[in-house]
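Student: take a look and give me a structure for this.
(2 chains)
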Number of protein chains: 2
Amino acid sequence: MPPAKIGPIAGVDLGGTNMQIGVVSLEAKGDGKMLGEAKKKTRAEEGQDAIISRIAEGIVESCAAAKLSLKDLAGVGIGAPGAVDPFQGVVLEAVNLRWANTPLANLLSKRLGGVPVFLDNDVNVALYGEWRMGAAKGENNCLGVWVGTGIGGALILDGKMWYGPLFTAGEIGHTILFPTNPPGHRSLEHNCSRTTVVDRLIRLIESNRKSILPKLAEGDLSKVKSRTVAKAYEAGDELTLEVVNDAADMLGIAISNVVTLLSLPYVVLGGGLTEAIGQPFVDRVEKSCRKFAFPERVKAVKVVESKLMDQAGVYGAAMIARDRLDR
Amino acid sequence: MPPAKIGPIAGVDLGGTNMQIGVVSLEAKGDGKMLGEAKKKTRAEEGQDAIISRIAEGIVESCAAAKLSLKDLAGVGIGAPGAVDPFQGVVLEAVNLRWANTPLANLLSKRLGGVPVFLDNDVNVALYGEWRMGAAKGENNCLGVWVGTGIGGALILDGKMWYGPLFTAGEIGHTILFPTNPPGHRSLEHNCSRTTVVDRLIRLIESNRKSILPKLAEGDLSKVKSRTVAKAYEAGDELTLEVVNDAADMLGIAISNVVTLLSLPYVVLGGGLTEAIGQPFVDRVEKSCRKFAFPERVKAVKVVESKLMDQAGVYGAAMIARDRLDR
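Tutor: Residues are numbered from 1 along each chain as shown, chains lettered A, B, ... in the order given. Modelled structure (predicted):
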């Protein structure tokens, strides 16, 4: 059977701060081409209607950039933060959007004159993109971990996205890695996200540890972002190496727990911190993961870097829509 | 379609020290009856042939106790410790049996004159029993955790045993809960098994903490087993409460990590320590698990006690054989 021909699809990566939109042409075998893009602020404080209007505007703009109109779209895929029911198209709970039980797929579809809209969780969507057309292509059992402001995760098991019976699966960032730490400092996210890494660096610099970070940030430590950390890391800054490597080691242990539990051979790392530092970070995580994975035969687990990088969400959302239209 | 009628099946629970065998009659809807039983020592040091012969003898004895002969058996199910390939019927690696790449299903089937033999991991088999006819009946997504000498685990996902692509899934006992502890003290098993609980109690008693355990063990602390610990716990012995409750709390956290990762609503606890202390232990684990599970909607997770208790392995092994024969 030849791959089904499906028209262009819009993919939406909806974050708490920004949204990223793209119209893409996709083939069943997982090739894709970006036809037109748009970026917008989310502005969660303006409420649900305003956000949905802005998503619709962004889709219209991306279509225009691709010299298409809304009517040309075969569908829309959207990745939203928080707990999502992908089958009903409902955002169950998204703290940073201030939404609960929002039937986003239906609301957005109406706003777009009936174009079919498919919803999923943002990290699920990113891993889906990597699985269908990126770093995990052909890997039917894999874990995805996105390390940025927070830490998100997703799972492909037996060739399907694993949602779990309550739809919230993948939340590796909220697993507990330091049970005896005080509340608020126990989870993986609280110890290894970019936010924590930067906070820890600033605290250590303020307690007089030497580092080139203040110079790189032009004296304003509040300007330290993933890229600044990456620059200091590449320059061999001792303090940055210490803090980032410790986070990578701990991340590797949390990932090894999933590998041990599910007998998984493959892990994709994405997110701002991973992308900024790149291969040395991924290698460090892999080394730690292999050290702790059990039994012997899962120690060959591969940890690889995202290929689609900050476009994983847009491509993945479009790809999920494509595959659901195909069914 | 009426449930298929399948003849009696032998279930074997093969441990590093003992083996337990039973001939059972089973129905497709998950009802079962024990027809005859046998118990034997494993004696791993005598080697593979001797162990397999002893399993065969035990099956013959169980048949005799059930007034049946080998020819009456529709099949044999066997749960073995360690890494197992259930589809090839091979024990890949079982440290406490001293086996590697042992084609147990074929070897045992030959020894039994061709009766079909189905192999699986011991904890998988126990959870399978609970799922088909015990405490997890009808729960198509659940985690099983067996707390005894060590800590073993198994997963039913989407109505099927989850083996993972490398077949070793479920090893929650080997997940890391205390990453900054010294080597050998980092995993769940190293902190919450019956072995660790008893070791910790003995160490604290030897450093002059008060407890009724020495009296219960008639002065010989090497005699402290799960039942002794349970007696002290029921009597409200302060030291025992402290050590057991701490282990239960930590176990609850490790379980919450799986619940958070897979969005699971249901957990079965089994094994010697669980059975000995019973509901208070299970309640304590559930409370800790609910406290740490994320997000809000998985905090309703239920943690329940094994129903089949120390017969979960025998019933589960027979049930797996039954269901595979049915296919």
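Student: secondary structure class for whichever residue of the stretch 51-200 of chain A sits closest to chain B?
Tutor: Residue of the stretch 51-200 of chain A nearest chain B, by CB to the nearest CB: residue A:164 (2.5 Å). For the C-beta atoms, the positions are set from N, CA and C on the backbone; glycine is no exception. Three-state call for residue A:164 (DSSP: H, G, I helix; E, B strand; the rest coil): coil.
Student: isn't it right next to residue B:140, touching?
Tutor: No - with contact defined as CB atoms under 8 Å, residue A:164 does not reach residue B:140; the gap is 11.4 Å.
Student: those two: which has the busier surroundings?
Tutor: A direct count of neighbours by other CB atoms under 10 Å in any protein chain shown for residue A:164 and residue B:140 places residue A:164 higher, at 21 against 13.
Student: measure that one to residue A:97 for me?
Tutor: As for residue A:164, its distance to residue A:97 is 21 Å (criterion: CB to CB, to the nearest Å).
Student: got the residues of the stretch 201-327 of chain A near chain B?
Tutor: Contact residues (CB under 8 Å from any CB of the partner chain) of the stretch 201-327 of chain A with chain B: A:250, A:253, A:256-258, A:260-265, A:292, A:294-298.
Student: just the buried residues of those.
Tutor: Buried members of these, scored by 16 or more other CB atoms under 10 Å in any protein chain shown, are A:250, A:253, A:256-258, A:260-265, A:292, A:294-295, A:297-298.
Student: widest-spaced pair of these?
Tutor: Based on CB to CB, the longest span within these runs between A:250 and A:297 and measures 23.9 Å.
Student: residues touching the residue of the stretch 201-327 of chain A found nearest chain B, list them.
Tutor: Across the stretch 201-327 of chain A, the shortest distance to chain B (CB to the nearest CB) belongs to residue A:263, at 2.5 Å. For residue A:263, the contact set (CB atoms under 8 Å, 6 or more residues apart in numbering or on different chains) comprises A:298, B:163, B:164, B:165, B:166, B:167, B:168, B:169, B:170, B:171.
Student: correct me, but residue A:86 touches residue A:167?
Tutor: Yes - in terms of CB under 8 Å, residue A:86 counts as a neighbour of residue A:167; the distance is 6.9 Å.
Student: what is the burial count for residue A:219?
Tutor: Neighbourhood size, residue A:219 [other CB under 10 Å]: 8.
Student: that one in helix, strand or coil?
Tutor: Under three-state DSSP, the three-state class of residue A:219 is coil.
Student: what does residue A:294 give?
Tutor: coil.
Student: and the closest residue to it other than its chain neighbours, backbone torsions?
Tutor: Nearest residue to residue A:294, sequence neighbours excluded (CB to CB, 6 or more residues apart in numbering or on different chains): residue B:174, at 3.8 Å. Backbone torsions for residue B:174, taken as degrees, to the nearest 10, come to phi -100, psi 10.
Student: what distance do you get for residue B:174 to residue B:261?
Tutor: Distance from residue B:174 to residue B:261, by CB to CB: 15 Å.
Student: next one: residue A:183
Tutor: Distance, residue A:183 to residue B:261, using CB to CB: 20 Å.
Student: kindly report the same for residue A:309.
Tutor: According to CB to CB, residue A:309 stands 25 Å off from residue B:261.
Student: thinking again about what came up before, go through the buried ones among the residues of the stretch 201-327 of chain A next to chain B and name the one with the lowest pLDDT.
Tutor: Minimum pLDDT across those is recorded for residue A:297, with 92.
Student: for chain A, which segments are assigned as helices?
Tutor: Using DSSP state H, the helices of chain A run over A:48-65, A:104-111, A:122-133, A:189-192, A:194-206, A:213-216, A:226-234, A:238-262, A:272-277, A:279-292, A:312-326.
Student: which stretch among these comes nearest residue B:120?
Tutor: Taking CB to CB as the criterion, helix A:238-262 is the member of the helices of chain A that comes nearest to residue B:120, at 16.9 Å.
Student: residues near residue A:266, how many?
Tutor: Residue A:266 has 21 neighbours, counted by other CB under 10 Å.
Student: which residues does it contact?
Tutor: Residues near residue A:266 by CB under 8 Å, 6+ apart: A:136, A:139, A:141, A:142, A:143, A:301, A:302, A:304.
Student: same question, residue A:58
Tutor: A:12, A:19, A:21, A:38, A:39, A:40.
Student: show me the beta-bridge partners of the closest residue to residue A:322 other than its chain neighbours.
Tutor: Spatial nearest neighbour of residue A:322, chain neighbours left out: residue A:26 (4.9 Å); criterion: CB to CB, 6+ apart. Beta-bridge partners recorded for residue A:26 (DSSP bridges): residue A:32.
Student: what pLDDT does the model give residue A:26?
Tutor: Reported pLDDT at residue A:26 in the predicted model: 92.
Student: now residue A:32
Tutor: Note for residue A:32: predicted pLDDT of 91.
Student: could you do the one 3 residues further on as well?
Tutor: The model reports residue A:35 with a pLDDT of 97.
Student: give me every residue that touches it.
Tutor: A:8, A:22, A:23, A:24, A:25, A:62, A:65, A:66, A:68.
Student: chain B next: which of the residues you listed are close?
Tutor: The subset of the contacts of residue A:35 within reach of chain B, by CB under 8 Å from any CB, is empty.
Student: widest-spaced pair of the residues you listed?
Tutor: Comparing all pairs in the contacts of residue A:35 by CB to CB, the longest separation belongs to A:25 and A:65, at 13.4 Å.
Student: where does the prediction get shaky in chain A?
Tutor: Along chain A, segments meeting pLDDT under 70 span A:1-4.
Student: most centrally placed residue in it?
Tutor: residue A:123 (4.0 Å; CA atoms, centre = their mean).
Student: close enough to count as contact, it and residue A:153?
Tutor: Yes - contact criterion CB under 8 Å: residue A:123 and residue A:153 qualify, at 6.1 Å.
Student: hey, what's in contact with both of those two?
Tutor: Common neighbours of residue A:123 and residue A:153 (CB under 8 Å, 6+ apart) are A:144, A:146, A:170.
Student: rebuild those residues as CSV, extending it with distance to residue B:53 and neighbour count.
Tutor: Output for these, formatted as CSV (distance: CB to CB, whole Å; neighbours: other CB atoms under 10 Å in any protein chain shown):
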residue, distance to residue B:53, neighbour count
A:144, 48, 31
A:146, 54, 29
A:170, 48, 27
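Student: how about those residues in CSV, adding distance to chain B?
Tutor: Putting the shared contacts of residue A:123 and residue A:153 into CSV (distance: CB to the nearest CB, whole Å) gives the following:
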residue, distance to chain B
A:144, 12
A:146, 15
A:170, 7
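Student: can you redo the residues you listed as CSV with distance to residue A:128?
Tutor: Shown next, in CSV, are the shared contacts of residue A:123 and residue A:153 (distance: CB to CB, whole Å):
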residue, distance to residue A:128
A:144, 9
A:146, 12
A:170, 11
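Student: just the ones of those residues in strands?
Tutor: The strands, defined by DSSP state E, take in A:144, A:146 from the shared contacts of residue A:123 and residue A:153.
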